[in-house]
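Asks: Sequence first, predicted coordinates after that:
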Amino acid sequence: MTAANHDARLVEYALGTLPADERAELERELGTRLQAELRATREALTALSSSLPLQPPPSALRERLLASVHGPARFSPFIDRLARLIDVAAERARELLASLEHPGTWLASPGANIHLVHLVGGPACAGADVGFVRVTAGTTFPHHRHLGEEHVLVLQGGYRDSDGSHVGTGDHADMPADSAHEFTADPGQDLIYAVVVHGVEIPGFDMDAVLPRRG
């Protein structure tokens, strides 16, 4: 790799726009040197930002930034965390996250404004119901009881729990067995989360239609 390419990747790493696979590769290459180089790069960027006139970003960088906000790449930061949650390889987690951009991926549920994606998790998820859930912004997910533990990773949006707490993008939330609650998706953006749940009861719902298939 040329020095110029190396420096360019450090800049994108510092900005948070480097794809997850390239970020992981860069971290492996640099090891303990990474933090010092990254700190120096951030300091240089800060100094430049205060001394240089404003310039439009290169078209390629602009497109990557926009894609990270609106396209499949926006879920890239969750690849490793999703892989661990549902016990699959990182490449499989990447594929699953990319599929969320396709409307046909989502299935209707008995709940109004609630859609599902049924998944099969790895061995660590045996006996659990695994999948993605999308709740339209402002919608309340009805009161329900957890028969076993539930583990949630929020990928987009957030929600206000009935206990008053707020869970936002990137947060991991756990519910213990025999707990009960409801929650309301934040306004403005649909709530999307990954879930591993060991049994749940929702009054008035056909649970065979609601729950993801068990792995």
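Replies: Structure received.

Asks: helices and strands around the helix or strand hosting residue 98, which ones?
Replies: Residue 98 is located in helix 90-99, with elements delineated by DSSP states H and E. Where contact means 3 or more CB pairs under 8 Å, 6 or more residues apart in numbering; DSSP states H and E, helix 90-99 is packed against helix 79-86, strand 114-119. Bear in mind the C-beta positions are built from the backbone N, C-alpha and C, glycine included.

Asks: at 10 Å instead, please
Replies: Counting contacts by 3 or more CB pairs under 10 Å, 6 or more residues apart in numbering; DSSP states H and E, helix 90-99 packs against helix 20-30, helix 79-86, strand 114-119, strand 129-135, strand 191-197.

Asks: pLDDT on the fourth one, on average?
Replies: Strand 129-135 shows an average pLDDT of 95 in the prediction.

Asks: and what of the longest one?
Replies: The pLDDT scores in helix 20-30 average 74.

Asks: How about the shortest one?
Replies: When pLDDT is averaged over strand 114-119, the result is 93.

Asks: mind saving the C-alpha coords of it as CSV?
Replies: Backbone C-alpha positions of strand 114-119 (Å, rounded to 0.1, in the frame of the first residue of the first chain) are rendered in CSV as follows:
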residue,chain,number,x,y,z
ILE,A,114,-45.3,-3.5,13.0
HIS,A,115,-43.3,-5.5,10.5
LEU,A,116,-40.9,-8.5,11.0
VAL,A,117,-38.0,-10.3,9.4
HIS,A,118,-37.7,-13.9,10.5
LEU,A,119,-34.2,-15.2,11.0
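
Asks: Report the buried residues of it.
Replies: Buried residues in strand 114-119, defined by neighbour count with 16 or more other CB atoms under 10 Å: 114, 115, 116, 117, 119.

Asks: Indicate which one of the helices and strands packed on helix 90-99 is closest to residue 45.
Replies: Shortest distance between residue 45 and these, using CB to CB, is found for helix 20-30: 16.5 Å.

Asks: Also compute the angle for the closest one relative to helix 90-99, please.
Replies: 150 degrees (axes from the mean of the first three to the mean of the last three CA atoms, to 10 degrees).

Asks: Before I go, just wanted to say thanks for your time.
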